[in-house]
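>>> Turn this into a model:
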Amino acid sequence: MAGGSGGGVTLRLPQPQFCILHGGILLFTATYIVEFPCLSCTYVPVEEVAKARVEGAEDDATFCTALKAENKEGILAKRVFLKIVGVLHDFNFWIVFEDVYAVCDSATLEHLKELSSKRKAIEESINESSFITEAIAKEMAGGLESRYEQDIHKIEQYLPLLEILFPYADATSTNNQMAQWTADLKIRWSSALSSSSFFNFKGPKFFQIGNLRFELGMTLFLCGGILRERALEVLSADLVQSATIFRQAAGIYHHLAHVVLPPLEPELPPEKPPEALAAVSTIMSLICLAEAQAVTIMKAEEKGTSSSLLTKLHHGVTLFLEEAIGVFYTVVRQCKDISSRLLDFISFCKCLHELKGQKYLAESLKASGQIGAAIGVLRSALNNVKKRIPGEEPWKCIYQKQIQEASEVLRKFVHENDFVWHEKIPSGDELPLPEGNKIVTFIPYSPKRWERQLTFKIQV
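Numbers count the residues shown, from 1 in each chain. Okay, here's the model as predicted:
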């Protein structure tokens, strides 16, 4: 990365990972893994691929060949790919606020310098272009050891400074000079949810929008994504903390959907990142709430909660995801570029939680002496999920594992009924319908607001 003034800057959102099974509960990881059928690669050392590029492997075919090294699972880790692109292809300049906005006093100048410095720290960390050692990074973050916590700390230092500038630069309708200065910043972000970014081997697609509300929205979207990663990081150690962090992320996305992004949408160009739409933040908020409830289920299982309650909790997760699917279809009408992988992800998760919930419902019915109804519920659930088995990994493997577990429960129930109870097996409308309870809510996000007066050389 080269330093300079007055140029554009590129920040990349962490790429979403489509699924992970933890303790039998489907969760949604924060850095989506994207599957490339034409590639067979996982965790190729960055140095090896960088060397191939430097030595002339510039065409996609040669690049793909380089990426096939050390094949294990047939999945290209998108985060590694972005790191390669960041090292070799990102020759943009840092945003230097103080070189674009003309100020009247030293206090405003110092504020803009601090703003530039804080943003640069975020970009270096996200693009993995910083040369700071782990020990120094920990010290600068006040002793925080987690990389995700350090990134969140950087964003929390940047956002209040941006919030101070925001009212001045956001007054574009009455102040053409401020609007022009903001446009001159050339703020650019890549999209984690754009279909054109998923399959662009020469690097992610970037979107430039000359509006600080866009910068605020994308920074908050990034913060929500990192919070989700932090929630997964603490999952094995503290389920309660993990669920709380997921709820915090849901609160940030809710704030984006209802406060930050609606005023921006009329100003967006036809070519825009999905993350700039309020409805996409609504989808992300619902996914985070589904994640929080999935973690809550894990805690309930630890406590030996009854099957009847667990089935309601699982179906509560499906209610969150059903709502997210409905919102997704409204987004497609606004933004054709959003990746269908996100819809596949939500739909697959919903299907698997339905199966998990139906298995607990069957166990609850058997415990109450209704083994015939239990068999009917499991048969119906398995028939439905078998019709929707995805054809590609890792989803296919995950589906098969859950189907095998439910099939084994069904086999035991059928055997017991055949030799002991001889109950009639209901089907169709005779089957009991599951109930779903949504028990988690988002934690509201409240922006930190500092009192500072800024003065600019505005020509009247």
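>>> any low-confidence regions in the chain?
1-93, 171-174, 197-203, 460 (pLDDT under 70).
>>> one more time with 50
Low-confidence segments of the chain (pLDDT under 50): 1-93, 172-173.
>>> So which residues of it form strands?
9-11, 20-22, 25-27, 187-190, 206-208 (DSSP state E).
>>> quick one: Lys118 and Gly428, what's the gap?
Note on Lys118: its distance to Gly428, by Cβ to Cβ, to the nearest Å, is 60 Å. C-beta: built from backbone N, CA, C; applies to glycine.
>>> The two: which is more packed in?
Lys118 (18 against 7; other Cβ atoms under 10 Å).
>>> how about Thr455, what does it touch?
Val103, Cys104, Asp105, Thr108 (Cβ atoms under 8 Å, 6 or more residues apart in numbering).
>>> Number of residues surrounding Ser368?
Count around Ser368 with other Cβ under 10 Å applied: 12.
>>> okay if I get the contacts of Thr455 as CSV plus neighbour count and distance to Ala169?
CSV is the format used below for the contacts of Thr455 (neighbours: other Cβ atoms under 10 Å; distance: Cβ to Cβ, whole Å):
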residue, neighbour count, distance to Ala169
Val103, 17, 13
Cys104, 12, 15
Asp105, 12, 17
Thr108, 22, 13
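>>> now, which of these lie within helices?
Using DSSP state H, the members of those that fall within helices are Thr108.
>>> can I get the contacts of Thr455 in JSON lines with distance to Trp450?
Shown next, in JSON lines, are the contacts of Thr455 (distance: Cβ to Cβ, whole Å):
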{"residue": "Val103", "distance to Trp450": "17"}
{"residue": "Cys104", "distance to Trp450": "19"}
{"residue": "Asp105", "distance to Trp450": "17"}
{"residue": "Thr108", "distance to Trp450": "14"}
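>>> any idea which of the contacts of Thr455 is the one closest to Gly143?
When those are compared for distance to Gly143 (Cβ to Cβ), Thr108 wins out at 32.2 Å.
>>> Surely the closest one is in contact with Leu454?
Yes - the pair Thr108 / Leu454 is scored as a contact, 4.6 Å apart, by Cβ atoms under 8 Å.
>>> ok, now which ones touch Glu265?
Here Glu265 is in contact with Ala276, Leu277, Ala278 (Cβ under 8 Å, 6+ apart).
>>> Most neighbours among the residues you listed, please name it.
In the contacts of Glu265, the most neighbours by other Cβ under 10 Å go to Ala276, 27 neighbours.
>>> I'd say that one and Leu216 touch.
No - in this structure, Ala276 is not within contact of Leu216 by Cβ under 8 Å, at 11.0 Å.
>>> what separates Thr219 from Met140, distance-wise?
According to Cβ to Cβ, Thr219 and Met140 sit 19 Å apart.
>>> correction: Asn176
39 Å.
>>> Who has more neighbours out of the two?
Met140 (14 against 11).
>>> check contacts around that one.
With Cβ under 8 Å, 6+ apart, Met140 has these contacts: Ile132, Gln150.
>>> In contact with the residue lying closest to Ala278 once chain neighbours are set aside, which residues?
Among residues not flanking Ala278 along the chain, Leu261 sits closest, at 4.1 Å (Cβ to Cβ, 6 or more residues apart in numbering). Leu261 makes contacts with Arg213, Gly217, Ala276, Leu277, Ala278, Ser281, as judged by Cβ under 8 Å, 6+ apart.
>>> Count the residues that sit near the residue lying closest to Ile325 once chain neighbours are set aside.
Nearest residue to Ile325 in three dimensions, chain neighbours excluded: Ile346, at 5.6 Å (Cβ to Cβ, 6+ apart). Ile346 sits with 24 neighbouring residues when counted by other Cβ under 10 Å.
>>> Ile346 and Thr441: what is the separation?
Applying Cβ to Cβ to Ile346 and Thr441 gives a distance of 20 Å.
>>> now the helices: where do they sit in the stretch 101-250 of the chain?
106-126, 134-140, 147-169, 176-184, 195-198, 212-233, 239-255 (DSSP state H, counting those that start in this stretch).
>>> want to throw those helices into a markdown table with distance to Asp99?
A markdown table is the format used below for the helices of the stretch 101-250 of the chain (distance: least, Cβ to Cβ, whole Å):
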| stretch | distance to Asp99 |
| --- | --- |
| helix 106-126 | 8 |
| helix 134-140 | 25 |
| helix 147-169 | 14 |
| helix 176-184 | 9 |
| helix 195-198 | 29 |
| helix 212-233 | 16 |
| helix 239-255 | 30 |
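>>> thinking Lys356 is in contact with Gln402, fair?
Yes - between Lys356 and Gln402 there is a contact under Cβ under 8 Å: 7.0 Å.
>>> Pick out whichever of these two has more residues nearby.
Neighbours were counted for Lys356 and for Gln402 using other Cβ under 10 Å; Lys356 has more, 26 against 21.
>>> Please name the nearest non-neighbouring residue to the more buried one.
His314 (5.0 Å).
>>> residues touching the one you found, list them.
Per Cβ under 8 Å, 6+ apart, neighbours of His314: Ile297, His353, Glu354, Lys356, Gly357, Tyr360, Gly436.
>>> so the third one touches His315, yeah?
In this case it means Glu354. Yes - counting by Cβ under 8 Å, Glu354 touches His315, with 7.2 Å between them.
>>> what's the distance between Glu271 and Met284?
21 Å.
>>> Neighbour count: those two, which is higher?
Met284 (28 against 13).
>>> neighbours around the nearest residue to the more buried one once chain neighbours are set aside, how many?
Closest residue in space to Met284, ignoring its immediate chain neighbours: Tyr253 at 4.3 Å, by Cβ to Cβ, 6+ apart. A count of nearby residues for Tyr253, using other Cβ under 10 Å, gives 30.
>>> Please apply the same query to the one 10 residues further on.
The tally of other residues near Pro263 (other Cβ under 10 Å) stands at 12.
>>> mind listing what the residue lying closest to it once chain neighbours are set aside touches?
Distances taken as Cβ to Cβ, 6+ apart place Arg213 nearest to Pro263, at 6.5 Å, with adjacent residues excluded. For Arg213, the contact set (Cβ under 8 Å, 6+ apart) comprises Phe166, Asp170, Val260, Leu261, Pro263, Leu264, Glu267.
>>> Also Leu454?
Taking Cβ under 8 Å, 6+ apart as the criterion, Leu454 is in contact with Val103, Ala107, Thr108, His111, Ile164, Leu165, Tyr168.
>>> likewise Gln150?
Per Cβ under 8 Å, 6+ apart, neighbours of Gln150: Ser125, Ala137, Lys138, Met140, Ala141, Leu144.
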